[in-house]
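*Asks:* The following comprises the amino acid sequence and a computationally predicted model.
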Amino acid sequence: MAVLSISNAHLAYGHVALLDGASFSLEMGERVGLIGRNGTGKSSLLKVLAQIEKLDDGLLQLQQGLTSVYVPQEPVMNPESSIFETVSEGVAEAKALRERYEIHDPEDDLEWVAERIEHIGAWNWEQRVEETLQRLGLDGSRVVGSLSGGLKKRVALGRALVAQPDVLLLDEPTNHLDLDAITWLEELLNNFKGSLLLITHDRSFLDNVANRIVELDRGQLRGYPGNFAAFTAAKAFELENEALYNARFDKLLAQEEIWIRKGVEARRTRSVARIQRLEQMRLAHAARRDVQGKVKLDIDTGGASGKIVAELENVNKSFGDRVIVRDFTCTILRGDKVGLVGPNGAGKTTLLKMILGQLAPDSGEARMGSKINIAYFDQMRDVLNLDATLADTISPGSEWIEIGNQRKHVKSYLGDFLFSPARANSPVRSLSGGERNRLLLARLFARPANVLVLDEPTNDLDIETLELLEELLSEYDGTVFLVSHDRRFLDNVVTSTIVNEGDGRWREYEGGVQDWLTQSKRATAINEANKAKQAPAAAPAAAPAPAPAPVVASKKKLSYKEQRELDELPAKVAALEAEQLQLNALLNGSELYTQGAARIAEVTARAGDIDNELLALMERWEVLESK
């Protein structure tokens with residue numbers, strides 16, 4: 001049963017039709033992921049469904065008595081209010097009704113007020129707020145203005161959830177959240193009893209939360225059952241068929257145009273029906289909205305840096321009593337792609353500044369390599385002048401731009417990033433969040449650099465641009481430092497991950513986020529196994545021995561069967577790791593997603609089983625070797 005729907009919806013800004021006769025319905029209990037290119041109108045659609053904006057034409061229908069809450073990308077909150085006061089705004093009606101009832105105004109209909117209070121559970125609204133704050137891990141006494149971006153996002157979600165809505169509309173809910181908070185949000189939304197419609201470009205998040213994907217493409221809304229992996233396979237097949245149909249149509253149209261232009265002899269036998277069909281084909285071709293082109297990304301690395309980019313040895317850094325970095329050692333080589341992972345406020349930026357020689361450690365040694373040329377991507381977009389034009393942002397005072405050995409007109413260069421020539425003189429403030437990120441990338445890549453520092457580059461970028469950026473960074477000859485909470489993006493780009501493990505301790509792991517999680521899980525399991533083995537040994541040691549123990553070998557000799565098992569373990573581990581590499585290659589490639597949902601589920605399940613099997617083998621290996 002649909003809780004809300006739009007039909008034959010039209011919405012346009014200027015000459016661009018964001019919705020062009022689109023239809024959509026949200027069913028009860030559904031968790032729908034809304035995706036599409038930047039600037040296609042996803043946020044505008046969410047505002048229409050939240051009744052903040054209106055359609056130019058078409059019908060919006062809501063179930064009677066439906067309550068919905070909309071959480072925008074950048075929630076507006078009073079910086080001077082406490083967290084408790086801000087979250088309590090979600091139960092504003094409950095507060096107002098209870099105040100009316102407690103005033104006992106004789107002219108008021110107290111019976112109706114009491115019934116309404118009972119209906120919406122307003123008697124204990126303070127308890128609802130406290131329970132929500134506890135679930136979100138928030139201190140209600142803290143002032144909103146002192147919070148980080150991630151905590152503000154939590155407060156906005158708390159304000160929405162405390163209202164207990166039937167429908168939750170979320171615009172980029174994972175922006176500014178760290179990995180732990182994203183995992184927490186996945187669990188929260190999977191347990192949400194109402195209907196959910198969210199905009200996100202985090203592919204792992206979509207896979208874990210959504211049970212239907214809806215794409216806004218050229219003014220139309222198309223639904224695909226399943227998560228993002230299932231959508232990818234279906235969409236590839238659909239685009240291939242569309243391209244074949246358009247190619248056949250264009251070929252037939254070209255033939256008909258040649259026929260209509262033939263000489264007088266042909267006109268004697270000209271068919272009126274054929275002329276009418278040609279006119280219809282011309283109209284259909286003119287009305288057709290082709291797939292938008294892809295961003296063209298290219299980086300000028302300039303001169304190569306030295307082999308060693310940075311070398312840190314036993315560095316420490318504190319601010320007051322708080323230790324940010326404790327006894328950290330690492331070496332960064334030219335061509336390394338390093339991800340930095342940790343909770344918001346853990347000190348990722350501080351550590352990065354020490355690696356790049358911009359901040360001196362309190363103790364230890366930090367050395368920078370030679371010939372380093374750094375370019376920054378700032379997640380807060382503070383470096384953008386909102387009143388400047390797009391062209392001046394890329395190339396101030398000149399119509400031309402130098403990229404390596406190429407010289408390009410600034411409008412042509414902006415076109416590579418999907419900005420039309422007509423928009424080159426538009427102010428930056430007219431761009432959406434995703435378009436501003438694209439503009440920052442355009443400016444970043446226009447400058448020669450052999451070290452790229454990217455601070456949350458994935459925020460607001462559409463999925464296609466994300467995939468192209470992944471490919472570009474993977475092929476980039478220079479060094480990359482990447483601060484991101486997008487797990488799929490990190491896994492596809494980085495060669496090592498520096499992880500905050502609490503109390504100022506940082507550790508470098510080979511590979512991406514999934515590799516770090518696997519390695520840390522194995523290490524934890526081995527440590528627990530060692531503790532379990534030591535615990536029984538400690539108990540007999542405490543008991544008094546009646547007589548000196550006879551001389552016996554401290555280790556029990558392995559049986560023939562156990563020795564054979566130990567000899568076979570390395571080969572088994574190697575075989576599983578080889579199979580794991582093959583499955584990871586399948587999951588990271590595109591071929592798998594053309595083989596149907598059953599095959600995707602089979603490969604995903606097997607990849608998870610291998611992790612468990614490897615963990616069991618490593619534990620068994622440890623036990624046998626200890627004998």
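*Replies:* Good, I have the coordinates. Residues are numbered from 1 along each chain as shown.

*Asks:* can you pull out the strands in the stretch 101-250 of the chain?
*Replies:* Under the criterion DSSP state E, counting those that start in this stretch, the stretch 101-250 of the chain contains strands at 167-171, 195-199, 212-217, 220-225.

*Asks:* Check the residue nearest to Gly41 when sequence neighbours are not counted and give its pLDDT.
*Replies:* Nearest residue to Gly41, sequence neighbours excluded (CB to CB, 6 or more residues apart in numbering): Leu18, at 2.9 Å. No exception for glycine: its C-beta is placed from N, CA and C like everyone else's. Note on Leu18: pLDDT of 87.

*Asks:* For burial, what's the neighbour tally of the nearest residue to Leu157 once chain neighbours are set aside?
*Replies:* Among residues not flanking Leu157 along the chain, Val71 sits closest, at 6.4 Å (CB to CB, 6+ apart). By other CB atoms under 10 Å, the residues close to Val71 number 20.

*Asks:* Could you do Pro427 as well?
*Replies:* Close neighbours of Pro427, defined as other CB under 10 Å, add up to 15.

*Asks:* so what's it up against?
*Replies:* 386-389 (CB atoms under 8 Å, 6 or more residues apart in numbering).

*Asks:* Give me the pLDDT for it.
*Replies:* As predicted, Pro427 sits at a pLDDT of 88.

*Asks:* Gly140: what's it in contact with?
*Replies:* Residues near Gly140 by CB under 8 Å, 6+ apart: 82-84, 87, 129-130, 133.

*Asks:* In helices, which of those fall?
*Replies:* Those of the contacts of Gly140 mapping onto helices are 83-84, 87, 129-130, 133, per DSSP state H.

*Asks:* ok, and the most crowded of those?
*Replies:* Of all the ones in helices among the contacts of Gly140, Val87 has the most neighbours under the rule other CB under 10 Å, reaching 30 neighbours.

*Asks:* coming back round to it: out of the strands of the stretch 101-250 of the chain, which gets nearest to Glu115?
*Replies:* Nearest to Glu115 among those is strand 167-171; the distance by CB to CB comes to 24.1 Å.

*Asks:* For the closest one, enumerate the helices and strands it packs against.
*Replies:* Contact analysis of strand 167-171 by 3 or more CB pairs under 8 Å, 6 or more residues apart in numbering; DSSP states H and E lists helix 42-49, strand 68-71, helix 149-161, strand 195-199 as its packing neighbours.

*Asks:* Let's have the ones you listed in TSV, adding distance to Gly219 and mean pLDDT.
*Replies:* Listed next are the helices and strands packed on strand 167-171 as TSV, based on distance: least, CB to CB, whole Å; pLDDT from 0 to 100:
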stretch	distance to Gly219	mean pLDDT
helix 42-49	11	92
strand 68-71	22	90
helix 149-161	29	84
strand 195-199	17	93
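
*Asks:* Nearest approach to Val453 belongs to which of the ones you listed?
*Replies:* Val453 lies closest to helix 149-161 among the helices and strands packed on strand 167-171, at 18.5 Å (CB to CB).

*Asks:* List the buried residues for that closest one?
*Replies:* For helix 149-161, the neighbour count (16 or more other CB atoms under 10 Å) marks 150-161 as buried.

*Asks:* Using PDB, list the CA coordinates for it.
*Replies:* What follows is helix 149-161, C-alpha atoms only, in PDB (Å, rounded to 0.1, in the frame of the first residue of the first chain):
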ATOM      1  CA  GLY A 149      29.600  18.200  11.600                       C
ATOM      2  CA  GLY A 150      29.100  14.500  12.400                       C
ATOM      3  CA  LEU A 151      27.500  15.300  15.800                       C
ATOM      4  CA  LYS A 152      25.200  17.900  14.300                       C
ATOM      5  CA  LYS A 153      24.000  15.300  11.800                       C
ATOM      6  CA  ARG A 154      23.200  13.000  14.700                       C
ATOM      7  CA  VAL A 155      21.200  15.800  16.500                       C
ATOM      8  CA  ALA A 156      19.200  16.400  13.200                       C
ATOM      9  CA  LEU A 157      18.500  12.700  13.000                       C
ATOM     10  CA  GLY A 158      17.400  12.600  16.700                       C
ATOM     11  CA  ARG A 159      15.100  15.600  16.000                       C
ATOM     12  CA  ALA A 160      13.500  13.600  13.200                       C
ATOM     13  CA  LEU A 161      13.300  10.200  15.000                       C
END
